[in-house]
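Student: Here's a sequence, model it:
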Amino acid sequence: MVNIYNNSSFTDSPYGLKLQQTITATGTSAVTGIPAGINRVYAIVIGGGGAGSTQTTGGGGGGGAGGYSAGWTYVSNSVTVGVGGTGSSSAAAGANGGQSIFGMVMAGGGSGGLNSAIGGGSGGATTPTGFTSTVSYTGSPATAGVGYAGGGGAGTVAGNAGVSSGGGGGSTAVTGTVTGGAGGRGLICGGGGAVGTSGTGTGGAGGTGDFFAGGTGTTGTGITFGGGGGGAGYTGAGSNASANNGGNGGSGGGGGGGASTLGLAGSGGNGVVYLYY
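Tutor: Residues are numbered from 1 along each chain as shown. Sure thing, here's the model as predicted:
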């Protein structure tokens, strides 16, 4: 049996290149330090995660994960790193994450949880949508199910899995025992959906990724519980929910958790750009 961890033919560095720059400062900034004579670099680009949503009654959906793209590009003198969507305590759709771009490699931000109990879709291209993901930069088709960029869950259904996964659905129910939908599994993950019930409510967990775990939802009786956990990012774990507030998404594009009954929805994790040469 081949052990890939002890085999020099397998490496996390594409084409034997070295990771030279990790860019986490959000917004557009100058890129310096690439030596003269290097005209092409290999970039991994991750968009910001979407924020969860909150509702006046019941629970909001989790935010979708930021998009993921990788490939060769010409050297650019600027880079854009998408900021995660900021969580709110107003009953509205969650804020979308920002897109990240270096040269001709780009990744959209995740969609915020919708203005309902539906979770946000992940960022496949440069414009995120909700229940259905967008066509990804790689050319993978849009989908409301499992795909390169997964769509959000409806009701208390988990977000759909993908390289970037969708946010879990919240619940409109205000009585009974209710559990929110978990964020989808993936490389980068959506946040969990929230519940707001007079009975026993459990917020959905944020999606657990390949490298980090999602945050847990809260459990308790009454509308002061039921927040959804934040989804795992590419570079950090999602945060746990607190009371009826959603947990923040992990750094590197994790989606924020949904909140219930006008709690504070979780913010999405910021994006990141890696340059290899």
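
Student: where exactly do the strands run in the stretch 151-277 of the chain?
Tutor: Listed from the start of the chain, the stretch 151-277 of the chain has strands (DSSP state E, counting those that start in this stretch) covering 162-164, 178-179, 186-188, 200-202, 219-221, 272-276.

Student: how distant is the last one from the center of its chain?
Tutor: Per C-alpha atoms, centre = their mean, to the nearest Å, the displacement of strand 272-276 from the mean C-alpha position of its chain is 18 Å.

Student: Quick check: can you name the pairing partners of that strand and their directions?
Tutor: strand 19-23 (antiparallel), strand 40-46 (antiparallel) (DSSP bridges).

Student: Identify, out of those strands, the most deeply packed stretch.
Tutor: For these, the stretch with the most neighbours on average is strand 40-46, a mean of 23; neighbours defined as mean count of other C-beta atoms under 10 Å. To be clear about C-beta, it is placed using only N, CA and C from the backbone, and glycine gets the same treatment.

Student: State the next helix or strand along the chain beyond it.
Tutor: The first helix or strand that comes after strand 40-46 along the chain, using DSSP states H and E, is strand 68-74.

Student: Switch the strands paired with strand 272-276 over to CSV; also include distance to Gly186 and mean pLDDT.
Tutor: Supplementary listing: the strands paired with strand 272-276 in CSV, determined by distance: least, C-beta to C-beta, whole Å; pLDDT from 0 to 100:
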stretch, distance to Gly186, mean pLDDT
strand 19-23, 21, 97
strand 40-46, 12, 95
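
Student: Let me know how buried the closest residue to Ala107 other than its chain neighbours is, in neighbour terms.
Tutor: With C-beta to C-beta, 6 or more residues apart in numbering as the criterion, Ala107 has its nearest non-adjacent residue at 3.7 Å, and that residue is Gly67. The burial count assigned to Gly67 is 38, neighbours taken as other C-beta atoms under 10 Å.

Student: Pick out the residue closest to the middle of the protein.
Tutor: The structure's the chain has its C-alpha centroid closest to Ala65; by C-alpha atoms, centre = their mean the separation is 1.9 Å.

Student: I figured it hits Gly256, correct?
Tutor: No - the criterion here is C-beta atoms under 8 Å, and Ala65 misses it with Gly256 at 10.3 Å.

Student: The stretch 1-150 of the chain: strands as residue ranges?
Tutor: Defined through DSSP E, counting those that start in this stretch, the strands belonging to the stretch 1-150 of the chain, from first to last, are 19-23, 27-30, 40-46, 68-74, 78-81, 100-102, 105-107.

Student: Can you lay out the ones you listed as TSV showing distance to Gly206?
Tutor: Formatted as TSV, the entries for the strands of the stretch 1-150 of the chain read as follows, by distance: least, C-beta to C-beta, whole Å:
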stretch	distance to Gly206
strand 19-23	23
strand 27-30	25
strand 40-46	17
strand 68-74	17
strand 78-81	22
strand 100-102	21
strand 105-107	20
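
Student: and Gly263, which of these is closest to it?
Tutor: Comparison of the strands of the stretch 1-150 of the chain against Gly263 by C-beta to C-beta identifies strand 40-46 as nearest, at 27.5 Å.

Student: what about the residue of the chain positioned farthest from its centre, distance to Tyr277?
Tutor: Summary for the chain: using C-alpha atoms, centre = their mean, the residue whose C-alpha lies farthest from the chain's mean C-alpha position is Gly37, with a distance of 36.1 Å. Applying C-beta to C-beta, to the nearest Å, the value for Gly37 to Tyr277 is 10 Å.

Student: And for Gly181?
Tutor: Note on Gly181: its distance to Tyr277, by C-beta to C-beta, is 41 Å.

Student: Counting neighbours, go ahead and name the busier of the two.
Tutor: Neighbour tally, Gly181 and Tyr277, criterion other C-beta under 10 Å: the higher count belongs to Gly181, 36 against 17.

Student: and that one, how far is that from Ala205?
Tutor: 9 Å.

Student: Would you mind listing the residues touching both of those two?
Tutor: 168, 192 (C-beta atoms under 8 Å, 6 or more residues apart in numbering).

Student: what bits of the stretch 51-200 of the chain have low per-residue confidence?
Tutor: When residues are selected by pLDDT under 70, those of the stretch 51-200 of the chain lie in 124-147.

Student: Leu187 contacts Ala161, doesn't it?
Tutor: No - the pair formed by Leu187 and Ala161 falls short of the contact definition of C-beta under 8 Å, at 10.0 Å.
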